[in-house]
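Engineer: quick one: sequence plus predicted model below, questions after.
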Amino acid sequence: MTTLRAWADKFPDKTACLVAGTEEQMTFAALDQRANSVAQLLMWMGLSSGDGIAIMLDNDLAYFELVWGAMRHGVYYTPISTHLKPDEAAFIIRDSGAKAFFTTEKYADVIGALAQDNPANCSVFILGGSVASCLDYKRELAKFDRYLEIPEGPVGKDFFYSSGTTGRPKGIKQPLFANAQQFRSSGDWVRDNFKFDSETVYLSPAPLYHGAPLRFTQRALDCGGTVIVMPKFGPEAALAAIERYGVTHSQWVPTMFFRMLALPEDIRAKYNLSSHQCAIHAAAPCPVEIKERMIAWWGPIVWEYYAGSERNGVTCISAADWLTHKGSVGRAVVGTLHILDEDQNELGPGETGDVYFEGPEFSYHNDPEKTARSRNDKGWSTIGDVGFLDRDGYLYLTDRRSHMIISGGVNIYPAEIENRLSLHPDVQDVGVFGIPNLEFGEEVKAVVQLKNPAKASLELAAELIEFCRSGMSNVKCPRSIDFETDMPRHDNGKLFKHVLKKRYLETV
């Protein structure tokens with residue numbers, strides 16, 4: 001990648017990426033050299049533009065050399081969650097058509113599952129330890145330690161898979177970048193709004209197999225900034241990292257805000273956060289009161305954006321604009337927003353409907369029917385979210401269409417109820433969904449994880465229902481509340497609501 005080479009020439013000894021706590025780091029010169037070696041390895045294997053690789057690693061510096069090497073050679077790269085079961089991970093490797101899989105012996109079960117059905121003859125490289133019949137990554141990469149000038153061509157791109165909450169995960173695929181300039185321009189909204197530059201020190205507390213962490217670390221490196229990755233998020237460890245490394249930019253999900261705000265006041269005040277200029281959050285709805293508290297603590301540096309892995313459009317909002325449009329996820333910075341009813345009529349300000357973007361194209365890999373359902377006859381696309389625009393063009397998300405509860409003909413969106421319940425001092429986490437009701441079709445069920453599980457009782461359930469009624473209409477309030485000791489929530493902040501719903505449907 002020409003930008004990586006340029007920064008390697010300009011700041012060869014500058015730290016490009018570092019793993020917090022371990023102090024393991026890589027300079028721009030080293031990252032450029034290793035990305036070049038990866039590109040040569042892929043060339044030697046016979047991969048050409050449009051082919052793909054898959055990566056299943058913990059937060060490791062090798063992620064960066066693999067991704068930048070794949071980009072340099074013009075191939076797709078598919079990050080895989082380390083929390084998937086072996087058969088689930090093997091499915092993604094097969095479905096993506098990956099010709100090389102990079103992992104460690106820690107995930108030998110995935111390698112075994114892939115070996116049972118490997119139609120693309122995908123080669124497996126081991127980055128740590130050893131597994132029989134697999135290639136040693138370090139040894140193979142060492143064969144390409146001479147720097148090779150690689151002709152410019154199409155630039156590789158990520159090929160993420162959905163979380164698979166309603167069946168098999170689906171690959172989300174976009175055309176390759178035509179050239180390096182197209183890659184850089186795709187991130188202009190990031191640089192323009194968040195002011196990424198060569199002085200940026202970007203903290204990523206989330207796993208790199210997620211879209212936002214991986215894409216934003218790439219943006220930071222492309223701008224000549226330094227990336228700090230945490231092996232695993234911890235609320236106090238995150239604050240310590242901001243102080244220790246002079247972090248200027250960071251990205252979070254709302255559950256991380258919850259956990260940091262829950263720290264004792266003396267712990268929160270213990271760390272010097274004066275270097276922190278821009279705290280970005282996305283991925284899941286953030287209750288208004290929680291965001292107000294974060295802005296009160298960190299100041300007007302809290303930014304929010306809304307986008308999907310499909311990258312069909314983006315909205316963005318600063319702290320200053322959010323304070324005058326509380327609850328909004330901002331105005332469009334990529335694509336043009338439209339709110340449409342079920343008959344595809346455009347709706348006016350304040351009217352709730354499906355959120356569509358007139359923007360970049362994408363497709364669901366091997367699923368033309370799902371791709372077609374995401375489009376209307378004008379070519380605008382939706383990823384299933386529901387919301388409305390105000391008169392200033394700010395978007396407010398209501399929920400996902402698939403989560404909507406219809407009770408007695410009334411549309412009820414669980415996110416609003418979840419946000420209300422999350423403000424109760426005893427509540428740590430909450431999920432709301434519909435269960436069958438003979439009279440009304442569906443009724444609202446809430447499942448709550450308490451900060452102190454020992455407090456679970458019928459009396460507290462009644463108190464929580466009354467807490468809802470004090471802040472919203474009765475028709476939206478849960479008819480019943482159950483308590484769980486742990487919620488099936490993904491580490492990107494998204495609740496696996498289908499897991500909860502299935503559990504309770506089986507008991508109805």
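Structural biologist: Alright, I've got the coordinates. Worth saying up front: this structure is predicted, and the values here are computed from it rather than measured.
Engineer: tell me where the stretch 1-150 of the chain has helices.
Structural biologist: In the stretch 1-150 of the chain, the helices defined using DSSP state H, counting those that start in this stretch lie at 2-10, 28-45, 62-73, 86-96, 108-115, 137-142.
Engineer: looking at those, which is nearest to residue 341?
Structural biologist: Among those, the nearest to residue 341 by C-beta to C-beta is helix 86-96 (34.5 Å). Every residue, glycine included, has its C-beta placed from N, CA and C.
Engineer: put the alpha carbons of the closest one into CSV.
Structural biologist: Extracted in CSV, the C-alpha atoms of helix 86-96 (Å, rounded to 0.1, in the frame of the first residue of the first chain):
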residue,chain,number,x,y,z
PRO,A,86,-15.6,-25.0,15.1
ASP,A,87,-18.3,-25.9,12.6
GLU,A,88,-19.5,-22.3,12.4
ALA,A,89,-16.0,-21.0,11.7
ALA,A,90,-15.3,-23.7,9.2
PHE,A,91,-18.5,-22.8,7.4
ILE,A,92,-17.4,-19.2,6.9
ILE,A,93,-14.0,-20.3,5.6
ARG,A,94,-15.7,-22.6,3.1
ASP,A,95,-18.4,-20.2,2.1
SER,A,96,-16.0,-17.3,1.6
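Engineer: who are the packing partners of that helix?
Structural biologist: Packed against helix 86-96 by the contact rule (3 or more C-beta pairs under 8 Å, 6 or more residues apart in numbering; DSSP states H and E) you find strand 52-55, strand 76-79, helix 108-115.
Engineer: what is the mean pLDDT for the longest one?
Structural biologist: Read it as helix 108-115. The average pLDDT within helix 108-115 is 97.
Engineer: picking up where we left off before, buried deepest among the helices of the stretch 1-150 of the chain, which one?
Structural biologist: helix 62-73 (a mean of 25; mean count of other C-beta atoms under 10 Å).
Engineer: what angle sits between it and helix 2-10?
Structural biologist: Compare the direction of helix 62-73 with that of helix 2-10 by axes from the mean of the first three to the mean of the last three C-alpha atoms, to 10 degrees and you get 120 degrees.
Engineer: avg pLDDT for helix 62-73?
Structural biologist: pLDDT averaged over helix 62-73 gives 97.
Engineer: can you pull out the residues in contact with it?
Structural biologist: Helix 62-73 is contacted from outside by 1, 4, 16-17, 26, 31, 34-39, 41-43, 47, 49, 53, 55, 57, 76-77, 79, 102, 127, 137, 150, 155-158, 183, 208, 214, 217-218, 221, 227, using C-beta atoms under 8 Å, 6 or more residues apart in numbering.
Engineer: please apply the same query to stretch 8-17.
Structural biologist: Contacts of stretch 8-17 (C-beta under 8 Å, 6+ apart): 7, 25-33, 61, 64, 198, 217, 221, 224, 226-229.
Engineer: so which of the helices and strands packed on helix 86-96 comes closest to residue 364?
Structural biologist: With C-beta to C-beta as the measure, strand 76-79 is the member of the helices and strands packed on helix 86-96 nearest residue 364 (14.0 Å).
Engineer: one step back: of the helices and strands packed on helix 86-96, which approaches residue 252 most closely?
Structural biologist: Nearest of these (C-beta to C-beta): strand 76-79, 19.3 Å.
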